[in-house]
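1. structure here, sequence nowhere to be found:
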Ligand SMILES: Cc1cc2nc3c(=O)[nH]c(=O)nc-3n(C[C@H](O)[C@H](O)[C@H](O)COP(=O)(O)OP(=O)(O)OC[C@H]3O[C@@H](n4cnc5c(N)ncnc54)[C@H](O)[C@@H]3O)c2cc1C
């Protein structure tokens, strides 16, 4: 199956997956942040912060690991799931034929449009953004730097990116809320940065939905939801590989325990949600609040904020604490330890009172 993902992960994600470096195509040490107003900020440039991977190969290797551990791979499409006799009946299609399966417990890791969640009565994640991904060829200034493009004018409620894959290979992407279309955002982006996008050759385009704000519940009788199906996605970047793997580890442990105890009721499975939230729930909640605050900023506020972040006094703090899996750590440290940022923050707070409440909730003791 072709990838619907840009494949940018942290080095710890590779460890979490138990997969070696053979899937790494490029190493990222820094990022250029571009604003709609034409500002640009270079961050990082030292150690490896992120890896660009072959996402298809990652999925294949995970699948092979599961098969080695005794899983049986059935290439089938699940059409409908229903509860029956204390278990679940799955109506599937394989090679044009009906296939019925029964299970005591189903792990729904079937993505942003999870049919498992829908047909077994679990609510969807609260928000969605719509992404466009492009695999292409483009000569970029530095292969070890990604480019991030921010601003409502470019990508309402989301952002754009260029991720070099090595040589002249790139993965370009952009996302937006339902008020716009990713393809229009991409055209605006390429027009707004003609020098960067000059000579861009598009090899493959794909779309994808990014669920945001985790689902109200990731478990119910006979079912656990994992990954995009449960909205276990980083609210800043939409990255869901790391969070999905972490939740998958907890789902596997909960499933083994529930089957051993012969209790696959919602009450017996509740520990799963507690477990994954205890590891990543706080970060996802904080990042989601910070994102909400950021959505209240105007493009010119963003321009000023990005310019302020370029101050050389901040670089050591950013270098030390930047982490693509836990971005709230560096942001809260910046906000907490830098009185210099407060005039900017106040500026953005003048209008939306909601942002002020949001910011207060984020601050230590809030
Ligand atoms: C444009 C774009 C770029 C992205 N870039 C990154 C990135 O750089 N880094 C990152 O960490 N994340 C990225 N993401 C997010 C990432 O792709 C997802 O979070 C991640 O793939 C979620 O994994 P998942 O296994 O939960 O769902 P998916 O990867 O969507 O997998 C779901 C699987 O379920 C199968 N399935 C679905 N329905 C059925 C059915 N009815 N019957 C049988 N099988 C079914 C699908 O075929 C698929 O194999 C990006 C997303 C988009 C849209």
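-> Done, it's in. These numbers were taken from a predicted model, which means no experiment stands behind them.
2. quick check: which ranges of the chain have low pLDDT?
-> In the predicted model of the chain, residues 1-2, 337-366 satisfy pLDDT under 70.
3. name the residues of it found near the ligand, please.
-> Within reach of the ligand by Cβ under 6 Å from any ligand atom, the chain has these residues: 1, 4-9, 77-78, 109-111, 115, 131, 133, 173, 208, 210, 227-229, 233, 238-241, 244. Backbone N, C-alpha and C define where each C-beta goes, glycine included.
4. which SSE is immediately downstream of the strand or helix carrying residue 269?
-> Using DSSP states H and E, residue 269 sits within helix 266-276. Counting by DSSP H and E, the next helix or strand C-terminal to helix 266-276 is helix 282-295.
5. in that next one, what's buried?
-> Under the neighbour-count criterion of 16 or more other Cβ atoms under 10 Å, helix 282-295 has 283-294 buried.
6. now for that helix, which elements pack on it?
-> helix 327-337, helix 353-362 (3 or more Cβ pairs under 8 Å, 6 or more residues apart in numbering; DSSP states H and E).
7. before we move on, the earlier item: type out the PyMOL command that picks the buried ones from the residues of the chain next to the ligand.
-> Only the buried entries of the residues of the chain next to the ligand go into this PyMOL selection, using 16+ other Cβ under 10 Å:
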select buried, resi 5+6+7+8+9+78+109+110+111+115+131+133+173+208+210+227+228+229+233+238+239+240+241+244
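8. please flag which of the residues of the chain next to the ligand sit within strands.
-> With DSSP state E as the criterion, strands contain 8-9, 77-78, 131, 133, 173, 208, 210 from among the residues of the chain next to the ligand.
9. which non-adjacent residue is nearest the residue in the stretch 51-200 of the chain positioned nearest to the ligand?
-> Nearest to the ligand in the stretch 51-200 of the chain, going by Cβ to the nearest ligand atom, is residue 111, at a distance of 2.9 Å. Counting by Cβ to Cβ, 6 or more residues apart in numbering, residue 111 lies nearest to residue 228, which is 4.8 Å off, once chain neighbours are set aside.
10. the one you found is in contact with residue 243, isn't it?
-> No. Residue 228 is not in contact with residue 243 according to Cβ atoms under 8 Å; the separation is 9.3 Å.
11. next one: the residue of the stretch 51-200 of the chain closest to the ligand from residue 334, what distance?
-> 34 Å (Cβ to Cβ, to the nearest Å).
12. residue 166 too?
-> From residue 166 over to residue 334 (counting by Cβ to Cβ), the distance is 32 Å.
13. phi, psi for the residue nearest the centre of the chain please.
-> The residue lying closest to the centre of the chain (Cα atoms, centre = their mean) is residue 239, at 1.8 Å. Here the main-chain torsion angles of residue 239 (degrees, to the nearest 10) amount to phi -60, psi 130.
14. Three-state assignment for residue 31, please.
-> strand (DSSP: H, G, I helix; E, B strand; the rest coil).
15. got a list of what residue 7 touches?
-> Going by Cβ atoms under 8 Å, 6 or more residues apart in numbering, residue 7 touches 25, 52-55, 58, 163, 171, 241.
16. which of those fall within helices?
-> Among the contacts of residue 7, the ones falling in helices (DSSP state H) are 55, 58, 241.
17. count the neighbours of the second one for me.
-> In this case it means residue 58. Per other Cβ atoms under 10 Å, the neighbour tally for residue 58 reads 21.
18. touching, it and residue 16? I think so.
-> No. Using Cβ under 8 Å, residue 58 makes no contact with residue 16, being 11.1 Å away.
19. would you map the strands across the stretch 101-250 of the chain?
-> 106-108, 127-137, 145-150, 159-166, 169-176, 201-212, 219-220, 223-225 (DSSP state E, counting those that start in this stretch).
20. please identify the most buried of these.
-> strand 223-225 (a mean of 29; mean count of other Cβ atoms under 10 Å).
21. quick one, domains of the protein?
-> 8-57+127-212, 73-126+225-279, 290-362 (automatic domain parsing).
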